[in-house]
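Chemist: Return a 3D structure for these sequence lines:
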Amino acid sequence: MYCSTKDDVIKAIQNNSNFTIHKDLTSLHLYGCSIDDHGVKFLSQALQSNPCITYLDLRANKFGNNGLNLILQSLKNTSTLTSFCIGGNKFDAEAANFFSQFLKSNSTLTTLYFDDSCNIGDGVNFIFQSLQWNSTLKYLSMRWNNICNNQLGSLSSLQFNSTLTELDLGYNNIGDEGARLISQSIQLNSTLTKLNLFCNKICHDGAKYISQYLKFNSTLTSLVIGENKIGDDGANLIFQSLQSNSTLTYLYIVAINIGDEGAKLISQYLPFTPGLTILSLGFDKIGDEGVKWISQALKTNSIITTLYLGNNHIADDGAKFIAESLQSNTTLQSLSLVSNKIGDNGAKVLSQFLKLHSSITELNLSGNPISDETKKMIKDPKIYC
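Modeler: Below you'll find the model as predicted:
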């Protein structure tokens, strides 16, 4: 059977038929197709005879370690595969070992999604170990793998890797000790530019380790550390470290359990963050008092261009503080205040200041208790209500 489309491939696998993949079919999206170990046999044979595959997505199927091994064996001699998505199958530590062996000898893969494989356990170390031999992988995602701090011992291999630029460890359980190990491991790495530690049970001590790393790092441009309970003091440490960091441009630090006091603490450093241009501080408890301090900092900050303060407790008084700060701020271009408590008065004040003083090109007020009458009155293409 000759397959030139994804549907042809799925049909052939379901019918237990041998098939050949057309050379023009270079991207194969087989997400959630219920492929089991038996079906993988037919797929692996077809892949072995296809020299042109560049993208392969086998996430959320039903095959296990043996099926993965067959796939990897069929791809061993490929010279075109650059992106591989493989998570969400029935894998354990042995599967991670199979993949690490593949990575050691592979010289084409640049993007790997090994997500949602929560039973690989200590197998995660096999993946990390292989990074010291792999010289092509640039993006590695290992989300939802239930990774704990005692499974990060081999992360030190990153100091010997000179190609990986993005590491996504979101939605795991690394905790404070894991944050320490990660910070320590990437301290000597000179290529990593993006790090995602979203939702990892990191608290104050973890924030301390990360802040110490940021003080001396000169390569990381993007840090996602939201949905961790680092609190007011932890946030203070992170922003304090940014005074001496001129490379981090994007900081996603939402839902970190801070309120007005935390906003006051971090605002004292906002005018002195030389690289930060995009800042997300949403999904927390920042109210009018907290945003007053942030607004004061914005008056003298000439770097931040995008600011997200959505899903906080900001009301009309807070909107007025922000509006006043826009008189002297000429760099902020995008401001999101979605899903706060801003009413008609706050919306009107912001609208008036935008018309007269601001460089802002986009203001998002959607999800606030603003009346339809006020929305019609504003009529500004830059304002979303």
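
Chemist: Asn16 - how many residues pack around it?
Modeler: Using other C-beta atoms under 10 Å, Asn16 has 10 neighbouring residues. From N, CA and C alone the C-beta is placed, and that goes for glycine too.

Chemist: ok, for it, nearest residue in space, not its chain neighbours?
Modeler: Excluding the flanking residues, the one nearest Asn16 by C-beta to C-beta, 6 or more residues apart in numbering is Phe42, at 6.7 Å.

Chemist: Can you give me the neighbour number for the one you found?
Modeler: Using other C-beta under 10 Å, Phe42 is surrounded by 21 other residues.

Chemist: Please look at it and Gln14 and confirm they touch.
Modeler: No: Phe42 lies out of contact with Gln14 (C-beta atoms under 8 Å); the separation is 9.6 Å.

Chemist: buried residues in stretch 352-371?
Modeler: 353-354, 357-358, 360, 363-365, 367-368, 370 (16 or more other C-beta atoms under 10 Å).

Chemist: how long is that stretch end to end?
Modeler: 17 Å (C-alpha to C-alpha, to the nearest Å).

Chemist: what pLDDT, on average, does it get?
Modeler: Stretch 352-371 shows an average pLDDT of 91 in the prediction.

Chemist: Likewise for stretch 118-129?
Modeler: 91.

Chemist: can you give me how far it is from the chain middle?
Modeler: Distance of stretch 118-129 from its chain centroid, counting by C-alpha atoms, centre = their mean, to the nearest Å, is 20 Å.

Chemist: Any chance you could list what contacts that stretch?
Modeler: Under the contact criterion C-beta atoms under 8 Å, 6 or more residues apart in numbering, stretch 118-129 has outside partners 90-97, 99-100, 103, 114, 140, 142, 144-147, 151-155, 157-158.

Chemist: Now for the nearest residue in space to Gly262 that is not next to it in sequence: which residues touch it?
Modeler: Leaving aside its chain neighbours, Gly262 sits nearest to Asp232 (3.5 Å; criterion: C-beta to C-beta, 6+ apart). Applying C-beta under 8 Å, 6+ apart, we find Asp232 in contact with 257-259, 261-262, 265.

Chemist: how close does Asp232 get to Asp344?
Modeler: 32 Å (C-beta to C-beta, to the nearest Å).

Chemist: quick one: which of the contacts of Asp232 has the most company?
Modeler: Among those, Ile258 has the most neighbours (other C-beta under 10 Å), with 27 neighbours.

Chemist: Show me what the residue nearest the centre of the chain is bridged to.
Modeler: By C-alpha atoms, centre = their mean, the chain has its centre lying nearest to Asn196, at 4.7 Å. Legend: beta-bridge partners of Asn196 under DSSP bridges are Asp168, Val224.

Chemist: List the residues that contact Pro274.
Modeler: Per C-beta under 8 Å, 6+ apart, neighbours of Pro274: 243, 245-246, 303.

Chemist: Make a markdown table out of those residues and add distance to Gly175 and neighbour count.
Modeler: Listed next are the contacts of Pro274 as a markdown table, based on distance: C-beta to C-beta, whole Å; neighbours: other C-beta atoms under 10 Å:
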| residue | distance to Gly175 | neighbour count |
| --- | --- | --- |
| Gln243 | 27 | 14 |
| Asn245 | 24 | 20 |
| Ser246 | 29 | 13 |
| Ile303 | 32 | 17 |
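
Chemist: Which one of these is nearest to Asn236?
Modeler: Asn236 lies nearest to Gln243 out of the contacts of Pro274, by C-beta to C-beta, at 11.8 Å.

Chemist: tell me the contacts of Thr26?
Modeler: So Thr26 contacts 52-55, 80 (C-beta under 8 Å, 6+ apart).

Chemist: Mind doing that once more with 10 Å?
Modeler: By C-beta atoms under 10 Å, 6 or more residues apart in numbering, the residues touching Thr26 are 50, 52-56, 80-81.

Chemist: Tell me the buried residues within these.
Modeler: Neighbour-count burial (16+ other C-beta under 10 Å) is assigned, among those, to 50, 53, 56, 81.

Chemist: Flag the least confident of these.
Modeler: Here the lowest pLDDT out of the buried ones among the contacts of Thr26 sits on Asn50, with 80.

Chemist: Residues in a beta bridge with Tyr55, which ones?
Modeler: Here Tyr55, judged by DSSP bridges, has bridge partners Ser27, Ser83.

Chemist: was I right about it contacting Thr82?
Modeler: Yes: taking C-beta atoms under 10 Å as the definition, Tyr55 is a contact partner of Thr82 at 7.0 Å.
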